[in-house]
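1. Sequence and predicted model, in that order:
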Amino acid sequence: MKIRKFNYISLALITGVLISCSNKAIELSKYKDDVRIHTDLQDEYLNDNYEAATKYAFGVEELSRPKPIELSWKTRKKDITGFKVKISETKDFTDAIEIETKENKASIYNLKIATTYYWNVEASYESSTAEISDTESFKIESFGPRNLYIDGITNARDVGGWPIDDTHRVRQGLFFRSGRLNQSNASTIIKEVTSEGEKVLLEDLKIKSEMDLRTIDDNEVGAITSSVLGDSVTYFSCPMDWHASNILEGNKEMVQHIFSDILADENSYPLIFHCNIGTDRTGMIAYLLNGLLGVEDEYLFRDYLFSNFGNIGGARTMNNIKNNYVATIKRTEGNTLSERIANYLISIGVASEDLEAIKSIFIESI
């Protein structure tokens with residue numbers, strides 16, 4: 001695994017930002033290095049051994065959110081009434097994110113890792129017509145996880161973004177893991193995701209489906225029968241018993257249903273899935289999917305242990321899973337982890353063509 005090394009010698013090296021010098025009315029900052037999305041504490045862990053998560057976070061406070069990307073610019077005119085910032089993955093600004101501000105700066109979260117973005121700024125004036133800056137670009141760092149800021153939700157991140165090999169990566173923007181969206185075990189529906197968080201899910205991440213792994217018979221789901229995100233979001237209730245001594249062996253039928261009927265259907269995406277705190281049952285589904293796609297063990301374990309940065313009620317270590325579903329997969333026949341997971345899923349009733357459909361949905365060239 002490639003370990004990132006950061007040079008903290010000077011502010012310029014930390015931020016990687018330069019201000020261009022030109023005669024333009026709006027001068028955009030330029031990034032000479034890949035832009036970091038992880039906080040300093042998260043970076044310390046991501047540069048350490050994957051098993052060292054509890055040196056940095058203990059699962060009892062919200063530390064899982066990324067740092068914002070800070071865009072800034074200089075202007076030469078004084079009578080400015082406001083700015084509109086546009087950010088896009090394409091030079092022609094297709095599907096651009098737009099931010100309106102009255103300051104010479106803007107913060108943005110939740111951009112894709114290993115992705116180049118283009119941006120410009122339009123300034124409006126009291127005494128003259130609006131002006132648009134030149135276009136600049138920046139690239140988000142390539143190292144996962146792509147952790148997310150969704151207000152009201154802890155432990156949120158994209159299942160995608162992890163490398164498979166030198167030429168392939170798990171596609172981002174399809175499958176998102178998180179903690180619950182509403183309070184568990186409540187007699188009435190109590191949303192925990194805020195209106196701002198809903199806006200991120202529906203408008204930015206464009207969520208079409210919610211998959212809830214919480215149990216129904218004890219009302220762990222918190223009285224809901226449909227998504228708290230509204231009627232535009234399909235709700236998949238997929239209760240999984242978290243009391244089982246082996247949560248994979250104890251939930252075979254539901255795992256088969258999830259992979260055959262939901263993950264293999266391209267119409268399910270973009271999809272957010274969760275259990276109560278988004279760590280154990282949720283972590284198992286993420287492990288099985290990314291392992292099937294060819295992501296190596298170390299990345300899978302790091303993704304699981306990154307949950308310690310969320311407010312999940314207590315720390316997790318490898319002991320929580322190594323004698324659980326990880327051991328089950330290790331005992332399954334196959335030359336690689338991907339083969340063993342595939343063989344296990346086939347043994348519980350997932351069709352091989354469904355596994356191929358899942359791979360075609362998630363694997364992308366880089």
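-> Right, received. Where do you want to start? A quick note: this is a predicted structure, and the numbers were derived from the prediction, not measured. Numbering: from 1, shown residues only.
2. where does this protein dip in pLDDT?
-> Applying pLDDT under 70 to the chain flags the ranges 1-23.
3. residues touching the closest residue in space to Gly173 that isn't next to it in sequence, list them.
-> Leaving aside its sequence neighbours, Gly173 sits nearest to Pro270 (Cβ to Cβ, 6 or more residues apart in numbering; 6.2 Å). Using the backbone N, CA and C atoms, a C-beta is placed for each residue, glycine as well. Each residue near Pro270 by Cβ atoms under 8 Å, 6 or more residues apart in numbering is listed here: 173-176, 205-209.
4. since we're on Glu210, how many residues are nearby?
-> Here the count is done by other Cβ atoms under 10 Å, and Glu210 has 23 residues near it.
5. Confirm for me that it is in contact with Ile272.
-> Yes - Glu210 is within contact range of Ile272, at 5.5 Å (criterion: Cβ atoms under 8 Å).
6. what do those two both touch?
-> Taking Cβ under 8 Å, 6+ apart as the contact rule, Glu210 and Ile272 both touch Leu181.
7. For the residue of the chain positioned farthest from its centre, what is the enclosing helix or strand?
-> Most distant from the centre of the chain: Ser127, at 43.4 Å, with distances by Cα atoms, centre = their mean. Following DSSP states H and E, one finds Ser127 outside all helices and strands.
8. can you check Arg169 too?
-> Element membership for Arg169 (DSSP H and E) is strand 168-170.
9. What are the contacting residues of the longest helix along the chain?
-> If you go by DSSP state H, the chain has its longest helix at helix 281-293. With Cβ under 8 Å, 6+ apart as the contact definition, helix 281-293 has outside contacts at 159, 162, 164, 170, 175, 177-178, 213, 240, 242, 247-248, 251, 255, 258-259, 263, 273-275, 297, 299-300, 303-304, 307, 321, 325-326, 329, 337-338, 341-342, 345, 355, 358-359, 362-363.
10. residue boundaries of the strands in the stretch 51-200 of the chain?
-> Ranges of strands in the stretch 51-200 of the chain, per DSSP state E, counting those that start in this stretch, are 69-75, 80-88, 97-101, 105-108, 116-125, 131-132, 136-139, 146-147, 157-158, 163-165, 168-170, 175-178.
11. Could you export these as a markdown table, including distance to Val35 and mean neighbour count?
-> Below are these laid out as a markdown table (distance: least, Cβ to Cβ, whole Å; neighbours: other Cβ atoms under 10 Å):
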| stretch | distance to Val35 | mean neighbour count |
| --- | --- | --- |
| strand 69-75 | 6 | 18 |
| strand 80-88 | 12 | 17 |
| strand 97-101 | 15 | 14 |
| strand 105-108 | 10 | 16 |
| strand 116-125 | 9 | 19 |
| strand 131-132 | 22 | 16 |
| strand 136-139 | 5 | 17 |
| strand 146-147 | 13 | 26 |
| strand 157-158 | 16 | 25 |
| strand 163-165 | 19 | 17 |
| strand 168-170 | 18 | 21 |
| strand 175-178 | 21 | 26 |
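12. Kindly reformat those strands as TSV containing distance to Lys24.
-> As requested, the strands of the stretch 51-200 of the chain are arranged in TSV below (distance: least, Cβ to Cβ, whole Å):
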stretch	distance to Lys24
strand 69-75	9
strand 80-88	14
strand 97-101	19
strand 105-108	17
strand 116-125	10
strand 131-132	8
strand 136-139	11
strand 146-147	33
strand 157-158	35
strand 163-165	38
strand 168-170	36
strand 175-178	38
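13. Between those strands, which one is closest to Glu44.
-> With Cβ to Cβ, the closest approach to Glu44 among the strands of the stretch 51-200 of the chain belongs to strand 146-147: 14.5 Å.
14. Give me the helices and strands touching the closest one, please.
-> strand 157-158 (3 or more Cβ pairs under 8 Å, 6 or more residues apart in numbering; DSSP states H and E).
15. How far does the strand it packs on sit from its chain's centre?
-> Per Cα atoms, centre = their mean, to the nearest Å, the displacement of strand 157-158 from the mean C-alpha position of its chain is 1 Å.
16. Direction included, what does it pair up with?
-> Partners of strand 157-158 in the sheet, by DSSP bridges, are strand 146-147 (antiparallel), strand 175-178 (antiparallel).
17. and the ones you listed as JSON lines, adding distance to Val233?
-> Formatted as JSON lines, these follow (distance: least, Cβ to Cβ, whole Å):
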{"stretch": "strand 146-147", "distance to Val233": "21"}
{"stretch": "strand 175-178", "distance to Val233": "12"}
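18. From the recorded domain assignment, give the ranges for this structure.
-> 11-33+67-139, 148-365 (automatic domain parsing).
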